[in-house]
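**Q** model the structure of this input:
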Amino acid sequence: MEALKALIRKALATGPIPGVKYALLRAIWWLAFKTQRRDRRMPKVTVVIPVYNVESYLADALRSARAQNWPNLEIIVVNDGATDGSAAIIDRFFYRTPFMRTIVQQNAGLGAARNAGLAAIEDTDYVMFLDSDDLLPLGSVRRFVERAESSGSPLVVGKAVCFYGARYFDRTSTAAFFTKSHKAISVNDLPEILGDATSWNKLYNWQFWQANHFKFPVGVAYEDMTLVVTAYLAAKQFDVIANASYFWRVRAEGESLSKRRTELKSLQDRLLSMEQIDKILRLSTERGFITPNVHLSWLAASSRSTYHCSSSRFRSPIRPSSTNCTIGRASCWRTRRSRFGPNRAASCARRYGRPCTALASRPSSSFPNSAASHRQFSEPQS
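**A** Numbering: from 1, shown residues only. The predicted structure is shown next:
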């Protein structure tokens, strides 16, 4: 049975089946794009797409974005100094897509590219992000906007589904948050949602974004974790959509930035994000904006990867090695997921009600250009 399952997974991942599936999808995307009806009276949605050396995947990402059946859509594509054939693909789509704009800049990283796209927005009601190797399901933008308009929430979170070839599967770390949809809730109602700290499966009210001066940090990996957690806290309420709202490509060769978990720089950046989030949650708890359970829930969630998918083919091996904890006489486990062991923090928090000093004793650090994540919290803005 296991051999049969492995064979099916392989057939769906590579070979003629994915080829046929995406040939059909491209035809559907083209028809959806050609039959669109524009209506500027509807709320405007801007999709920001940063691009760097993804010529193999870029065309499908752009097709899925422009095929969205929302009548007032704008796409801003930021060429972050790509050196492959991405520029030619962008130009081809630009000349055929009247609601698409392009920006070209020297390579500065994902955070800087997103910031450039945001700075180019002249007028919009909502903003979304799409990575240039991922896809938007048909109707995704419409579902996001209709939910935001009906509830008045400044933030809407949609379920992200992993895909590899023609295989689609849930992210183990976040699937439990999307068993059902929620309307007008806060982090106190669903504290585990802080484990979903990616920027791209969400719709943001543009006035809400500007009022909180959100800006992506530059020159770091995991550039969206702190910002997204800050957005959860700043929103008086947010919605959750249980339907698949974003398709996140799993790249077996490990090229995707969020999968470079063994690189020291990436691990250090992740730890910095965790330190920032821990500080923000502590401050919010002290000021009564959130309950203590939210902070403890995040500490527990941090022991699980935000990015893992429920496919053993891509799950990183966890090989614990005992490490003495610095709190009391507890002996906690440290995994290879982080040099400094986020599992230790979660384990100590569950046992002693406070995080491990392996995190607490680390020197405070801040990302460049991340003023939003360190602003002094006053009454949350909507």
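**Q** the stretch 101-250 of the chain: helices as residue ranges?
**A** Counting by DSSP state H, counting those that start in this stretch, the segments of the stretch 101-250 of the chain that form helices are 110-119, 140-151, 206-211, 225-234.
**Q** check which helices and strands the first one is in contact with.
**A** Yep, that's helix 110-119 we're talking about. Contacting helix 110-119 under the criterion 3 or more Cβ pairs under 8 Å, 6 or more residues apart in numbering; DSSP states H and E are the following elements: strand 45-51, strand 73-80, strand 100-105. From N, CA and C alone the C-beta is placed, and that goes for glycine too.
**Q** can you list the buried residues in the longest helix seen in the chain?
**A** For the chain, the helix that runs over the most residues, judged by DSSP state H, is helix 264-286. Taking 16 or more other Cβ atoms under 10 Å as the neighbour-count basis, helix 264-286 is seen to contain the buried residues 266-281, 284-285.
**Q** with stretch 184-200 instead?
**A** Counting neighbours by 16+ other Cβ under 10 Å, stretch 184-200 gives 185-187, 190-200 as buried.
**Q** go on, stretch 163-171?
**A** In stretch 163-171, counting by 16+ other Cβ under 10 Å, buried: F163, Y164, G165, A166, R167, F169, D170, R171.
**Q** residues contacting the residue lying closest to E192 once chain neighbours are set aside?
**A** What sits nearest to E192 in space, not counting adjacent residues and going by Cβ to Cβ, 6 or more residues apart in numbering, is S297, at 5.4 Å. Contacts for S297 (Cβ atoms under 8 Å, 6 or more residues apart in numbering) come out as P191, E192, L194.
**Q** in strands only, show me those residues.
**A** Within those, no residue falls in strands by DSSP state E.
**Q** output the residues you listed as TSV; include the columns pLDDT.
**A** Compiled in TSV, the contacts of S297 are given as follows (pLDDT from 0 to 100):
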residue	pLDDT
P191	93
E192	91
L194	92
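**Q** can I get those residues in CSV including distance to R40?
**A** Output for those, formatted as CSV (distance: Cβ to Cβ, whole Å):
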residue, distance to R40
P191, 39
E192, 39
L194, 36
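**Q** S140 and A65: what is the separation?
**A** The gap separating S140 from A65 is 10 Å, by Cβ to Cβ, to the nearest Å.
**Q** what ranges does the stretch 201-350 of the chain have for its strands?
**A** When secondary structure is read from DSSP state E, counting those that start in this stretch, the stretch 201-350 of the chain shows strands at 202-205, 238-249, 321-324, 331-334.
**Q** residue ranges with poor pLDDT in this protein?
**A** Counting by pLDDT under 70, the chain contains low-confidence ranges at 5, 252-263, 303-382.
**Q** and it, what are its domain boundaries?
**A** Residue ranges for the structural domains of the chain, counted by automatic domain parsing, are given in the record as 2-259, 264-374.
**Q** what is the burial count for the nearest residue to R142 once chain neighbours are set aside?
**A** Closest residue to R142 apart from its sequence neighbours, by Cβ to Cβ, 6+ apart: W70 at 5.2 Å. Using other Cβ atoms under 10 Å, W70 has 22 other residues around it.
**Q** list the contacts for W70?
**A** M42, V45, V141, R142, V145.
**Q** looking at these, which is nearest S56?
**A** V141 (24.4 Å; Cβ to Cβ).
**Q** who's in contact with that closest one?
**A** Counting by Cβ under 8 Å, 6+ apart, V141 has contacts V45, V47, Q68, N69, W70, L73, M128, L203.
**Q** can you report phi and psi for the spatially most central residue of the chain?
**A** Among the residues of the chain, the one closest to the centroid is T198, at 2.0 Å (Cα atoms, centre = their mean). When read as degrees, to the nearest 10, the backbone of T198 gives phi -100, psi 150.
**Q** pretty sure it sits against L227.
**A** No: with contact taken as Cβ atoms under 8 Å, T198 and L227 are classed as non-touching, separated by 10.3 Å.
**Q** from N53, how far off is the residue nearest to E192?
**A** Applying Cβ to Cβ to S297 and N53 gives a distance of 37 Å.
**Q** what's the answer for H213, then?
**A** H213 sits 31 Å away from N53, taking Cβ to Cβ as the criterion.
**Q** now swap in D239 and tell me
**A** Between D239 and N53 the distance, using Cβ to Cβ, works out to 35 Å.
**Q** those two - which one has more neighbours?
**A** When D239 and N53 are compared for neighbours, D239 comes out ahead with 23 against 17, by other Cβ under 10 Å.
**Q** check contacts around the more buried one.
**A** D239 makes contact with R147, A148, S151, S153, L155, V156, V157, S181, H182, K183, A184, I185, according to Cβ under 8 Å, 6+ apart.
**Q** sort out which of those are in strands and list them.
**A** Using DSSP E, the subset of the contacts of D239 located in strands is L155, V156, V157, H182, K183, A184, I185.
**Q** contacting residues around the first one?
**A** Under the criterion of Cβ under 8 Å, 6+ apart, the neighbours of L155 are K202, L203, Y204, N205, F208, A231, Y232, A235, F238, D239.
**Q** and of the residues you listed, the nearest to G15?
**A** Relative to G15, the closest of these is K202; by Cβ to Cβ it sits at 33.8 Å.
**Q** what distance do you get for the closest residue to that closest one other than its chain neighbours to M274?
**A** Beyond its immediate neighbours in the sequence, the residue positioned closest to K202 (Cβ to Cβ, 6+ apart) is V157, lying 5.3 Å away. Taken as Cβ to Cβ, the spacing of V157 relative to M274 amounts to 20 Å.
**Q** now swap in E2 and tell me
**A** In this structure, E2 lies at 36 Å from M274, with Cβ to Cβ as the measure.
**Q** and N293, by the same measure?
**A** Counting by Cβ to Cβ, the gap between N293 and M274 amounts to 18 Å.
**Q** same thing with A67?
**A** A67 sits 37 Å away from M274, taking Cβ to Cβ as the criterion.
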